[in-house]
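# I would like the atomic coordinates for the input below:
(one chain, ligands or ions: 1)
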Amino acid sequence: MADSSTYVPPKVWTWNQASGGRFANINRPIAGPTHEKDLPVGRHPLQLYSLGTPNGVKVTIMLEELLALGHTAAEYDAWLINIGNGEQFGSGFVSVNPNSKIPALLDRSGPAPIRIFESGAILLYLAEKFGALLPKESGARAECLSWLFWQVGSAPYLGGGFGHFYAYAPEKIEYAIDRYAMEVKRQLDVLDRRLAVTEYIAGSTYTIADVAIFPWYGWLAKGWLYAAGEFLSVGDYKNVQRWTDVLLLRPAVKRGTMVNRTYGDRSSQLHERHAASDFESKTQDKLAPGS
Ligand SMILES: N[C@@H](CCC(=O)N[C@@H](CS)C(=O)NCC(=O)O)C(=O)O
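I've put the predicted structure just below:
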């Protein structure tokens, strides 16, 4: 790899598999399956194929919130997809998500299975299916969806931009880290100003906008993403801190955070979830990623 200060892009980009970086073994410039592998199917109407990353946790929190609200038809089997081993490129997974990224959901409650991919689309699908965590009045609904889509559009700057260059890239590039640190701080300030005037993101009630934003910006605010809390002065965002603390106390948030989790305290990891009783032997108070 050329030094970043001397690199001159060639006329035509070609795939250099040895380009390094933490995810070099799974990153590819082509889509589609790499191998044949069926997905497992459990007994519940909803089958989730995921991992306990912020995008995955959005969906497990949502499902646990629905169950807590008494929606028994939201019972689900959560299967672990190990993206580090390339399981997102198995033929079964690709048939549920052609984009080969967790989370992916299969709703088998109707006459024909319905696939849903993209975490924001999954939250919206579940909110509409169960009539929960999405306001019905059009103004409140518009506000909620605006913040939901804000999260979907903003998080790639946090994860793929800031997180990648600050924590994972094979060399520290000042220009890239500066650019994305500035953008992520701006995003935190957007949330902080919003939460100065509203209790929850979309207004006075807890919605799918909170569920979507929490595992990215709440975890970031606690210093749990990329070990970047001090670097980004996350303590300055007092309203984001207040909101994160409130969400961290929700039982469904605690449970959802444990599902498909493969890091942190062993007693807080529930690699697969097939019944509410699966949580019984687990500790729900040791949930800081990396703890
Ligand atoms: N926009 C997608 C992003 C999903 C995503 O990036 N998933 C990551 C884990 S957090 C993944 O599966 N990466 C595997 C890969 O890129 O091969 C969503 O919100 O669902």
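# quick one, what contacts the closest residue to the ligand within the stretch 151-291 of the chain?
Residue nearest to the ligand within the stretch 151-291 of the chain (C-beta to the nearest ligand atom): residue 152, separated by 6.1 Å. To be clear about C-beta, it is placed using only N, CA and C from the backbone, and glycine gets the same treatment. The neighbourhood of residue 152, defined by C-beta atoms under 8 Å, 6 or more residues apart in numbering, consists of 118, 119, 120, 212.
# Just send the residues you listed back as CSV, with distance to the ligand and neighbour count too.
Compiled in CSV, the contacts of residue 152 are given as follows (distance: C-beta to the nearest ligand atom, whole Å; neighbours: other C-beta atoms under 10 Å):
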residue, distance to the ligand, neighbour count
118, 5, 17
119, 4, 29
120, 6, 19
212, 9, 30
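# if I've got this straight, the residue of the stretch 151-291 of the chain closest to the ligand is in a strand?
No - using DSSP: H, G, I helix; E, B strand; the rest coil, the assignment for residue 152 is helix, not a strand.
# re the thing from before, can you list the contacts of residue 152 in CSV and add distance to residue 229 and secondary structure?
What follows is the contacts of residue 152, written out as CSV (distance: C-beta to C-beta, whole Å; DSSP: H, G, I helix; E, B strand; the rest coil):
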residue, distance to residue 229, secondary structure
118, 28, coil
119, 24, helix
120, 26, helix
212, 21, helix
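# Residue 40: which of those is nearest?
Nearest to residue 40, judged by C-beta to C-beta, of these is residue 119 at 20.8 Å.
# Could I get the pLDDT score of the closest one?
The model reports residue 119 with a pLDDT of 98.
# is it fair to say residue 239 lies in a helix?
Yes - Residue 239 forms part of a helix when assessed by three-state DSSP.
# I'd guessed it sits against residue 195; true?
Yes - if you go by C-beta atoms under 8 Å, residue 239 and residue 195 touch, sitting 3.6 Å apart.
# For burial, what's the neighbour tally of residue 228?
Number of residues near residue 228 (other C-beta atoms under 10 Å) recorded here: 19.
# Check it and give its pLDDT.
98.
# Fine, thanks again, bye for now.
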